[in-house]
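Enquirer: kindly return the folded structure for what I paste below:
(2 chains)
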Number of protein chains: 2
Amino acid sequence: MPELRQNRATKEWVIIATERAKRPEDFKSTKEKKEIPEYSPNCPFCPGNEDKTPPTLFSIGNGKNWEVRVTLNKYAALSLDVEPYEKTDEFFRSRGGYGHHEVVIETPKHNLTTALLPESSISNIIKTYKERYLAILKDKRIHNIIIFKNHGETAGTSLEHPHSQIVGTPVVPHQIRNRLQEAMRHYDDHNECIFCRTIKEELKTKERIIIETEFFVSFVPYAALTPFHLWIFPKRHNSTFGEIREDEISDLAKILRITLRKLYFGLNNPDYNYVIRSAPTDGRGLAYFHWYISIIPRLTKSAGFELGSGMFINVSLPEENAKFLREVKYT
Amino acid sequence: MPELRQNRATKEWVIIATERAKRPEDFKSTKEKKEIPEYSPNCPFCPGNEDKTPPTLFSIGNGKNWEVRVTLNKYAALSLDVEPYEKTDEFFRSRGGYGHHEVVIETPKHNLTTALLPESSISNIIKTYKERYLAILKDKRIHNIIIFKNHGETAGTSLEHPHSQIVGTPVVPHQIRNRLQEAMRHYDDHNECIFCRTIKEELKTKERIIIETEFFVSFVPYAALTPFHLWIFPKRHNSTFGEIREDEISDLAKILRITLRKLYFGLNNPDYNYVIRSAPTDGRGLAYFHWYISIIPRLTKSAGFELGSGMFINVSLPEENAKFLREVKYT
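Expert: Prediction:
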């Protein structure tokens, strides 16, 4: 029988549509395996083609032997060269499209998807995220920073070479404002961070947990929006990603790698997005907000109902998804 | 140069990314034209196959000669047979998946997409929407009604036969609560319906208008979320769709048909969703909210940035989209 479930942090309802439910195996990607070369001469992210991208902003590894490399996005959505003007006096409100839009090239190897990278490389990617997060944070005109990855065409990328992106915007997105307000309300009512409480409750029931490490826990949310929607939460309370410690970075690399490998082997390398959800740039030290990573495999399509209501219909059972992933061998 | 634009009604910002911008012609669908038969023997929505769907709830036309037919969705996301229990005392909150999920079969002809139907048929579809909206409204356990259409695979449907859907949920989606609150705030600050004001301002500048009829106006929103995102607004203030008058239904059929035909001929039958955005079931007569139709052609993909921020990157210019559509011949 169908069920409505509420995300306690955002107050969003989701329909768990059991009448339409599929078994976890039915979500395996059926896309054909493509032979991808380790080096692609025309790829702007492959080593030796550094002049095809804007200049290197940061790298791990020396000169041509970089392991991770960051540049401005050549086709940036926002630009550092725009005057951040504000037209708020007119009915139609606009601002200059000032902002940071960077690309993190995750590995020199064209064909190594994140799930297949060694733990040390993923550690370097997360170190790079932190480095660039803190660098953009110094720009006082930026009010929010989003770190995300698009893997595969249905997830919005046509570039094969493993990469992620960082966008710093001069406004706080309305969705994030709403989430802060809901979390604040919970804090005021219950004197607790709703996310800390969620981690505690999830670890108590265990039925949606994928894996737990020293500092992190990976699980399918109770009110998962879509099949195999996943969260990775730091156990230590912290509102912004920039506060992550060195030892936590290594541990996050471990849990992120295992989680992505379970998706890779269990669902046949599905397209996915992940995003680091953090409080806005002025939200360091907030007692009521907690940063985390949301992973969204693109296994179903959102349609008119989702667009018109913001509510999702999930055609799978979070507990079954979690059980399936727990059992997937990843080594 | 990129620009941020704000939707005054929802306070959502969108990035108009001119660096990545494409010309309107570049959004033409490249999918191959498929020869679709007028009648498909295995289609549950084709005449003669009425026993393949749940019983008819409503129809226009008599018996087997129906023109529009409504049934419960065979694979319903919500069900009338579920006890609408509430578990709000536990940490993880759920409710029984009680609700209405109906399918509106728009025409007996398997291959007639809405854009190609005569005005009288579209009028019948809208009459049917109103009829069912008012019928579901009588169920006091239902708090919100969404009427929507998915056209084409990227818009979330694999069924070719023209149809739309109506879902009545026992909760008000959080997104809709937020929109009501923002609209209420505007009303309290400015003593006006933000939507009535938007219509007035759009009709003044004219640059984003597609077409205006006696009772409606169709335009590209100033802060359009995606290329060719369109709104159809009733000029007469009304918070809920159920209040639409007979003469307005005929006029809406006219403007909806022309708008969909312009998309069909201008962009080569793109996949799209439309949704009727109305106040919740208890929102009749609200001074600060205004029902309307939102049409979202599925020409680009949302990715990690959109999922993680709720902000959209629109790679086209609303004014150029509108100019292009104004010039498309539709007869």
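Enquirer: give me the low-pLDDT residue ranges for the stretch 151-300 of chain A?
Expert: Along the stretch 151-300 of chain A, no part satisfies pLDDT under 70.
Enquirer: which bits of it sit near chain B?
Expert: A:153-157, A:165, A:167, A:169-171, A:173-176, A:178, A:197, A:201, A:222, A:273-277, A:294, A:296 (C-beta under 8 Å from any C-beta of the partner chain). No exception for glycine: its C-beta is placed from N, CA and C like everyone else's.
Enquirer: out of these, list just those in strands.
Expert: Cross-referencing these against strands under DSSP state E gives A:165, A:167, A:169, A:273, A:274, A:275, A:276, A:277, A:294, A:296.
Enquirer: neighbour count and distance to residue A:104 for these - can I get that in CSV?
Expert: Shown next, in CSV, are these (neighbours: other C-beta atoms under 10 Å in any protein chain shown; distance: C-beta to C-beta, whole Å):
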residue, neighbour count, distance to residue A:104
A:165, 21, 7
A:167, 26, 12
A:169, 29, 17
A:273, 26, 15
A:274, 25, 12
A:275, 24, 13
A:276, 24, 12
A:277, 21, 17
A:294, 20, 18
A:296, 22, 19
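Enquirer: ok, those residues vs residue A:129, which is closest?
Expert: residue A:276 (7.0 Å; C-beta to C-beta).
Enquirer: which residues touch the nearest residue to that closest one once chain neighbours are set aside?
Expert: Leaving out its chain neighbours, the residue that sits closest to residue A:276 by C-beta to C-beta, 6 or more residues apart in numbering or on different chains is residue A:147, at 4.2 Å. Applying C-beta atoms under 8 Å, 6 or more residues apart in numbering or on different chains, we find residue A:147 in contact with A:129, A:133, A:164, A:165, A:166, A:241, A:275, A:276, A:278.
Enquirer: helix or strand: which one has residue A:147?
Expert: Using DSSP states H and E, residue A:147 sits within strand A:144-151.
Enquirer: with only the CA atoms kept, save that strand in CSV.
Expert: What follows is strand A:144-151, C-alpha atoms only, in CSV (Å, rounded to 0.1, in the frame of the first residue of the first chain):
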residue,chain,number,x,y,z
ASN,A,144,26.8,30.6,-1.2
ILE,A,145,29.1,27.9,-2.5
ILE,A,146,27.8,24.7,-4.2
ILE,A,147,30.2,21.7,-4.9
PHE,A,148,28.7,19.1,-7.2
LYS,A,149,29.4,16.4,-9.7
ASN,A,150,27.5,15.3,-12.8
HIS,A,151,28.3,11.8,-13.9
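Enquirer: sheet partners, orientation included, of it?
Expert: strand A:163-169 (antiparallel), strand A:272-277 (antiparallel) (DSSP bridges).
Enquirer: about what we covered before: what sits opposite the residue nearest to residue A:276 in the beta ladder?
Expert: Here residue A:147 sits in beta bridges with residue A:166, residue A:276, as judged by DSSP bridges.
Enquirer: could you look up the SS state of residue A:59?
Expert: strand (DSSP: H, G, I helix; E, B strand; the rest coil).
Enquirer: who touches the residue nearest the centre of chain A in this structure?
Expert: Closest to where the C-alpha atoms of chain A average out (C-alpha atoms, centre = their mean) is residue A:275, at 1.6 Å. The contact partners of residue A:275, by C-beta under 8 Å, 6+ apart, come to A:146, A:147, A:148, A:149, A:293, A:294, A:296, B:304, B:305, B:307, B:308.
Enquirer: with adjacent residues omitted, what lies nearest to it?
Expert: Of all residues not flanking residue A:275 in the chain, residue B:308 sits nearest, at 3.1 Å (C-beta to C-beta, 6+ apart).
Enquirer: the host helix or strand of the one you found packs against which elements?
Expert: Using DSSP H and E, the secondary-structure element containing residue B:308 is helix B:304-309. Counting contacts by 3 or more C-beta pairs under 8 Å, 6 or more residues apart in numbering or on different chains; DSSP states H and E, helix B:304-309 packs against strand A:144-151, strand A:163-169, strand A:272-277, strand A:292-297, strand B:312-314.
Enquirer: take it, keep the C-alpha atoms, and write them as PDB.
Expert: C-alpha atoms of helix B:304-309 as PDB (Å, rounded to 0.1, in the frame of the first residue of the first chain):
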ATOM      1  CA  GLY B 304      23.900  18.700  -9.700                       C
ATOM      2  CA  PHE B 305      23.800  22.500  -9.400                       C
ATOM      3  CA  GLU B 306      20.000  22.600  -9.800                       C
ATOM      4  CA  LEU B 307      19.500  19.600  -7.400                       C
ATOM      5  CA  GLY B 308      21.800  21.100  -4.800                       C
ATOM      6  CA  SER B 309      20.600  24.700  -4.800                       C
END
